[in-house]
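# sharing a model that was predicted from the sequence below.
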Amino acid sequence: MEPDRTDAMACRDSLPPLAVPAPADDHPHIQQHSADFRRAVLALFMAGFATFGVLYCVQPLLPGFSNHFGISASNSALALSASTGVLAVAMLVAGIVSDRVGRRPVMVASLLSSALLTLGTALTDDWNTLLVLRTLLGLSLSGVPAVAMTWLVEEMDSRALGLAMGLYIGGNAVGGMSGRLIAGVVADHWGWRAGIAAVGVIALLATVALWTQLPASRHFRAKRAEPAQLPARFAGLFRDAALPWLFACGFLLLGVFVTLYNYLGYHLLAPPYGLSQTVVGLIFTVYLVGSVSSAWMGQLANRMGRAPVLALSFGLVLLGVLLLALPWLLVMAMGIALVTFGFFGGHSVASSWVGVRAGGLRAEASALYLFSYYLGSSVLGALGGVFYTHWGWAGVCGFCLVLTLAGVGAAWRLWRRLEDTTGLLLVR
């Protein structure tokens, strides 16, 4: 019996009857080297690129907001936190909506509305209106990250899933980096409005790519939304042997990653380094490592099994944190590269595993995973500031070291628990 099938059987034993997948139909799943595979990964790569580009494009523009609107730095930061906060909650609903109306329509509508809201943000001259538009952006964006992973799990052949998920997450990485860089560079020459508008135009082009290139769903089965059943459906996910641990891994992975990137710039701008803002901004180019990592680690998980590769990812992050605590710039550069490589690889493995484990509750499981993921960013990223204020960069590294050790423990516990329940050494 193939390991993925054993994994699915273990999931069905631990979830309520609602989680039993629909019977297979006559449509084949998308194979790795097919034309549909190439179209799908292009469409979803562009969707991920645009989603995280418009989400994070305001980060380098926050000082410009303060100058233009006459507001404090903390108020300016609401342009980003309003979007990410709403996004975490909205993804719990977006997956359920897609169960009713379909994966592809939700993603296309989500990306189109996000592009239009971004262009509207570039035109506004009122701070409160800008915040409203950015809040609505978090709501509209939720339809892509909450649904794309579910679409991949439903439509991809199991042997193609690791690479496809990795390439999609790679698009997220490149988009998060490019949105910041494009908006910042354009704003330097033509102002913050032009910076935001440039990213909005890219999002419109990505919407066209998603609409024209993403193959139609062949394995989607519409389900009527039953609000009274939702608590039982979510509770069923927490009775699974693996899913709660995977949610915890997502929480810790992004929490550590965001905390390090949030405060590394402060550390490098201060003595004894005294680097320029331009040089510090180039740190985000390390995100390119993530686009390689997510695809490579996804392929590695197909060969070795998901549990050991997830543990390896946390191990790489742990080594990176230790290197970042050292005072030499070259060693620190190696450290942030290792953290980035391990983070994107771990996220790729964990997110694809959630869809496989969840059976008929894929949308709900993906939504809970992403909720935990972004909750880690907001909670742990903010808490890291307390450690930086009191103990400086050493405090941040110590905080992240403890969190990463907790992640290693969670991945190890997940591996051992599934080994006990399935009898497989390399749990998939």
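Done, it's in.
# buried ones in stretch 258-270?
Residues 258-264, 267-268 are the ones in stretch 258-270 that count as buried (16 or more other C-beta atoms under 10 Å). C-beta coordinates here come from the backbone N, C-alpha and C atoms, glycine included.
# from those residues, which one has the minimum pLDDT?
Within the set of the buried residues of stretch 258-270, pLDDT is lowest for Asn262 (69).
# contacting residues for Ser372?
Contacts of Ser372 were listed using C-beta atoms under 8 Å, 6 or more residues apart in numbering, and they are 247-248, 250-251.
# follow-up on the earlier one: ok, of the buried residues of stretch 258-270, which one's closest to Val186?
Val186 has its nearest neighbour among the buried residues of stretch 258-270 in Tyr261, at 21.8 Å by C-beta to C-beta.
# confirm the closest one sits in a helix?
Yes. Assigned with DSSP: H, G, I helix; E, B strand; the rest coil, Tyr261 falls within a helix.
# gap between it and Thr84?
14 Å (C-beta to C-beta, to the nearest Å).
# how about the buried residues of stretch 258-270 in CSV, adding distance to Val354?
CSV is the format used below for those (distance: C-beta to C-beta, whole Å):
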residue, distance to Val354
Val258, 20
Thr259, 23
Leu260, 24
Tyr261, 24
Asn262, 26
Tyr263, 29
Leu264, 29
His267, 34
Leu268, 35
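# quick one: Gly398 and His390 touch, right?
No. Checked against C-beta atoms under 8 Å, the pair Gly398 and His390 is beyond contact range at 11.0 Å.
# who has more neighbours, the two?
Gly398 (14 against 8; other C-beta atoms under 10 Å).
# just the pLDDT at that one, thanks.
In this model, Gly398 carries a pLDDT of 95.
# contacting residues around it?
325, 387, 391.
# neighbours of the last one, just the number please.
Which is Trp391. Using other C-beta under 10 Å: Trp391 sits among 13 other residues.
# can you check the first one too?
Neighbouring residues of Ala325 were enumerated by other C-beta under 10 Å; the total is 17.
# mind checking how far the residue nearest to it when sequence neighbours are not counted is from Leu253?
Of all residues not flanking Ala325 in the chain, Cys397 sits nearest, at 4.1 Å (C-beta to C-beta, 6 or more residues apart in numbering). For Cys397, the distance to Leu253 (C-beta to C-beta) stands at 17 Å.
# quick one: which of these two has more around it?
Leu253 (28 against 24).
# who are the packing partners of the helix or strand where Gly315 lies?
In this assignment (DSSP states H and E), Gly315 forms part of helix 306-324. Packed against helix 306-324, as judged by 3 or more C-beta pairs under 8 Å, 6 or more residues apart in numbering; DSSP states H and E, are the following elements: helix 243-269, helix 287-304, helix 329-358, helix 362-422.
# can you pull the contacts of Met165?
Applying C-beta under 8 Å, 6+ apart, the residues near Met165 are 149, 152, 294, 298, 348, 351-352.
# can you pick the most crowded of the residues you listed?
In these, the most neighbours by other C-beta under 10 Å go to Ser348, 33 neighbours.
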